[in-house]
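**Q** For reference, the sequence and a predicted model appear below.
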Amino acid sequence: MNRIFSTLLTMSIGAAWLILIVILLRLLLKQAPKWVNCVLWGFVGLRLVCPFVPESRFSLMPGAFRMQNRYGSAADLNFIQTPAGAGNLSQTAEDAAGAAWLTGIQTGAATTGFGTEWIQQFLSVGSVLWLIGVGVMLGYAVYSYLRVRRQVSEAMWLRENLWICDQVKSPFILGLFRPRIYLSSGMEEAQLPYVIAHEQAHLKRGDQWWKPLGFVLLMIHWCNPLIWVAYILFCRDLELACDESAVRDLTLEERKSYSYALLSCSMQRRLVTVCPLAFGEVGVKKRVKEVLNYKKPSFWILLTAIVVCVIVAVCFLTNPKDQTTVILTNEAGNSTAGAATNAALEQAAAKQEEVEQLKESLAAQQESLAAGLDAAKQENTAWIYQEDSSYSGFFAAKGYVAYAQMEMDGISIFLVSDGFYQDGDHTYAISCNVYCVGEDAAPFQIGSLESGGTAYPLAIGADGFYVTSGHSIEVYAIDAASGKLGLARSNTEVYDENGNAAYYRLDSQGQTVESTEEEYIKEWDRYSKAASPIEFATPEEGK
């Protein structure tokens with residue numbers, strides 16, 4: 001049992017590093033499709049189920065110390081450590097009776113006596129506590145499942161795999177091999193198509209399997225708090241990915257109806273569950289925001305997300321090829337360990353030389369790639385000219401941008417956007433870079449703008465550019481001192497977990513201070529009267 005527990009501990013610690021990386025990537029890849037997050041969580045699951053991980057020189061997993069009991073009992077063992085600063089050293093330990101991962105053990109000596117009774121005691125006590133925790137969580141999962149089964153015992157068949165039940169508050173899926181979608185008998189008929197589309201998306205993706213599998217991994221690795229965080233975020237990403245799939249082809253009005261269905265079926269915060277897949281179970285507020293602001297990711301965003309997934313798989317689903325090893329051995333094994341240490345030092349020196357050569361090769365490849373990108377940029381650009389000057393203008397990628405030209409405080413302003421969209425006969429944008437033309441007729445960037453989605457196009461008023469979202473309104477103007485585009489005025493609405501609203505604005509000193517609902521509403525009224533959406537044109541239209 002100690003051996004099993006120590007192996008699981010090793011796997012859990014390795015997965016913890018990957019969880020931190022995935023959490024960071026979720027923040028950096030906000031514009032990427034939500035299924036990308038599910039793929040990254042799948043990588044975490046692989047680290048949690050694979051006791052043996054391949055080695056790679058490209059691995060970015062932190063180096064770790066491995067304790068190995070090679071001979072006899074713990075009472076007979078000495079602690080032998082390779083000298084600090086020797087790099088990543090490899091060592092082969094034959095017939096290891098157990099292993100555990102430690103970090104940061106440094107003695108500063110080549111050989112030091114080290115008592116290991118506490119390690120054996122830790123493994124013994126830890127394995128018992130681990131088994132108790134697994135049993136508790138297994139019992140909780142069985143109880144939750146039986147309770148849900150009892151609630152739907154009187155459900156009535158509607159059609160196909162759809163069932164209606166009076167006890168159902170929020171639609172959900174139950175079952176692995178023959179999953180059923182259970183609907184509330186009191187649900188509005190107008191909401192049914194959106195709810196069914198969401199649940200069917202779950203079934204197409206096989207989420208009725210993935211969520212229970214995630215809970216099983218949580219049950220096995222329950223003692224690692226990062227695994228709990230990963231499971232909660234994984235459940236949220238499952239729902240976000242299904243929402244994205246369900247609303248991909250919907251209009252803005254249809255997405256609003258979908259959001260209303262989410263709000264109507266939202267559930268109070270509950271304990272972590274293995275089943276079912278409930279429509280309004282988790283993260284309703286964020287899901288509504290994502291649904292309303294949904295836009296199809298561009299090719300480059302999708303490509304970037306795929307490349308990131310490949311890099312994560314290569315760098316974090318493998319262990320470093322060479323590792324510093326802490327060996328626990330008895331007196332009889334001292335000479336063998338010393339010989340292994342010397343051999344490892346020689347091997348480390350050779351590996352270091354290889355690493356330096358690899359760095360030089362990578363630097364040369366990067367220079368070549370940069371030169372190729374510059375050449376490609378020159379070949380795929382077009383000039384956009386100011387009407388009254390044959391020399392003024394700036395580069396814009398063909399087919400991927402739109403632009404607008406206007407005057408602000410007597411200054412010619414150019415807006416260039418790769419986030420434009422068509423609304424009838426109009427071309428609007430939700431993000432753009434802002435340029436001026438200098439004395440040398442060369443354009444220079446003075447700022448950028450980004451709104452909250454296609455429902456809030458960039459707008460212009462007498463006092464500056466208006467950038468809005470569902471809960472904020474900002475006004476940008478050219479700062480006389482710096483010549484850059486700066487935030488001149490803002491009003492923001494923020495909700496806490498209990499649905500209570502707070503309001504904030506930018507004061508005359510540029511500091512964020514508390515505001516009122518009246519001021520917030522007044523700012524929106526000013527926006528509706530003073531601002532107009534900015535019309536953009538493509539390079540082809542501007543010719």
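**A** Yep, that arrived.

**Q** Parallel or antiparallel, which strands does the longest strand that the chain contains pair with?
**A** Assignment by DSSP state E gives strand 485-495 as the longest strand of the chain. Strand 485-495 has its sheet partners listed here by DSSP bridges as strand 472-478 (antiparallel), strand 501-506 (antiparallel).

**Q** any chance of those in JSON lines, plus mean pLDDT?
**A** Shown next, in JSON lines, are those (pLDDT from 0 to 100):
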{"stretch": "strand 472-478", "mean pLDDT": "93"}
{"stretch": "strand 501-506", "mean pLDDT": "92"}
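
**Q** In TSV, list those along with mean neighbour count.
**A** For the C-beta atoms, the positions are set from N, CA and C on the backbone; glycine is no exception. Shown next, in TSV, are the strands paired with strand 485-495 (neighbours: other CB atoms under 10 Å):
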stretch	mean neighbour count
strand 472-478	20
strand 501-506	16
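
**Q** want to try a markdown table for those, with distance to Glu517 as columns?
**A** Listed next are these as a markdown table, based on distance: least, CB to CB, whole Å:
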| stretch | distance to Glu517 |
| --- | --- |
| strand 472-478 | 13 |
| strand 501-506 | 6 |
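
**Q** To Gln121, which of those strands lies closest?
**A** Judged by CB to CB, the one of these that comes nearest to Gln121 is strand 501-506, at 51.6 Å.

**Q** need the next SSE after the closest one, C-terminal direction.
**A** Scanning forward in sequence from strand 501-506 by DSSP states H and E, the next helix or strand is strand 512-514.

**Q** What are the contacting residues of the next helix or strand after that next one?
**A** For strand 512-514, the following helix or strand on the C-terminal side (DSSP H and E) is helix 517-530. If you take CB atoms under 8 Å, 6 or more residues apart in numbering as the criterion, helix 517-530 is touched by 459, 461-463, 466, 468, 473, 489, 491-493, 501, 503, 505.

**Q** sorry, back to before: residues touching the longest strand of the chain, excluding its own?
**A** 285, 434, 446-449, 463-465, 471-479, 501-506, 510, 512, 515, 519-520, 523-524.

**Q** coming back round to it: can you say which of the contacts of helix 517-530 are buried?
**A** For the contacts of helix 517-530, a burial check counting by 16 or more other CB atoms under 10 Å picks out 459, 466, 468, 473, 489, 491-493, 503, 505.

**Q** Could you work out the most separated pair of those residues?
**A** Pairwise distances across the buried ones among the contacts of helix 517-530 peak at 21.2 Å for Ala459 and Tyr503 (criterion: CB to CB).

**Q** tell me which element the closest residue to Val229 other than its chain neighbours is part of?
**A** Leaving aside its sequence neighbours, Val229 sits nearest to Ile19 (CB to CB, 6 or more residues apart in numbering; 6.9 Å). Assigned by DSSP H and E, Ile19 belongs to helix 2-28.

**Q** Beyond that helix, next helix or strand please.
**A** Sequence-wise, the next helix or strand downstream of helix 2-28 (DSSP H and E) is helix 35-49.

**Q** Run the angle between that next one and helix 2-28 for me.
**A** 170 degrees (axes from the mean of the first three to the mean of the last three CA atoms, to 10 degrees).

**Q** what's next to helix 35-49, contact-wise?
**A** For helix 35-49, the external contacting residues (CB under 8 Å, 6+ apart) are 11-12, 14-15, 18-19, 22, 25-26, 29, 53, 210, 213-214, 217, 220-221, 227, 230, 233-234, 237-238, 240-241, 244-245, 305-306, 308-309, 312-313, 316-317.

**Q** low-confidence ranges in this protein?
**A** Along the chain, segments meeting pLDDT under 70 span 63-117, 266-283, 322-345, 365-366, 368-400, 438-442, 539-543.

**Q** thinking again about what came up before, report the two of the contacts of helix 517-530 separated the most.
**A** Longest distance between any two of those is 29.3 Å, between Ala462 and Ala501; criterion CB to CB.

**Q** And stretch 188-208, what's buried?
**A** Buried, per 16+ other CB under 10 Å, within stretch 188-208: 191, 194-202, 205, 207-208.

**Q** List of residues touching it?
**A** By CB under 8 Å, 6+ apart, the surrounding residues in contact with stretch 188-208 are 162, 171-173, 175-176, 179, 181, 183, 187, 238, 241-243, 245-246, 254, 257-258, 260-261, 264-265, 277, 279.

**Q** What backbone torsions are found at the nearest residue to Ala261 once chain neighbours are set aside?
**A** Leaving aside its sequence neighbours, Ala261 sits nearest to Gln191 (CB to CB, 6+ apart; 4.0 Å). Main-chain dihedrals, Gln191, degrees, to the nearest 10: phi -90, psi -20.

**Q** where's Gln191 relative to Ala197, distance?
**A** 11 Å (CB to CB, to the nearest Å).

**Q** Can you name the helix or strand that Met61 falls in?
**A** Using DSSP H and E, no helix or strand contains Met61.

**Q** That one: how many residues sit nearby?
**A** Residues near Met61, counting by other CB atoms under 10 Å, number 20.

**Q** got it, and Thr304?
**A** Count around Thr304 with other CB under 10 Å applied: 17.

**Q** shouldn't Leu162 be in contact with Leu183?
**A** Yes: contact criterion CB atoms under 8 Å: Leu162 and Leu183 qualify, at 6.3 Å.

**Q** higher neighbour count, these two?
**A** Per other CB under 10 Å, whichever of Leu162 and Leu183 has more neighbours is Leu183, with 23 against 18.

**Q** how about that one, secondary structure?
**A** strand (DSSP: H, G, I helix; E, B strand; the rest coil).

**Q** OK, contacts around it?
**A** Residues in contact with Leu183 (CB under 8 Å, 6+ apart) are 158, 162-165, 168, 171, 192, 195-196.

**Q** ditto for Phe5
**A** 123, 126-127, 130.

**Q** what's the spacing between it and Gly14?
**A** The value you get for Phe5 to Gly14, if CB to CB is used, is 15 Å.

**Q** repeat for Cys432
**A** Going from Cys432 to Gly14 by CB to CB gives 44 Å.

**Q** Among the two, which residue is more densely surrounded?
**A** Neighbours per residue (other CB under 10 Å) separate Cys432 from Gly14, with Cys432 holding more: 26 against 21.
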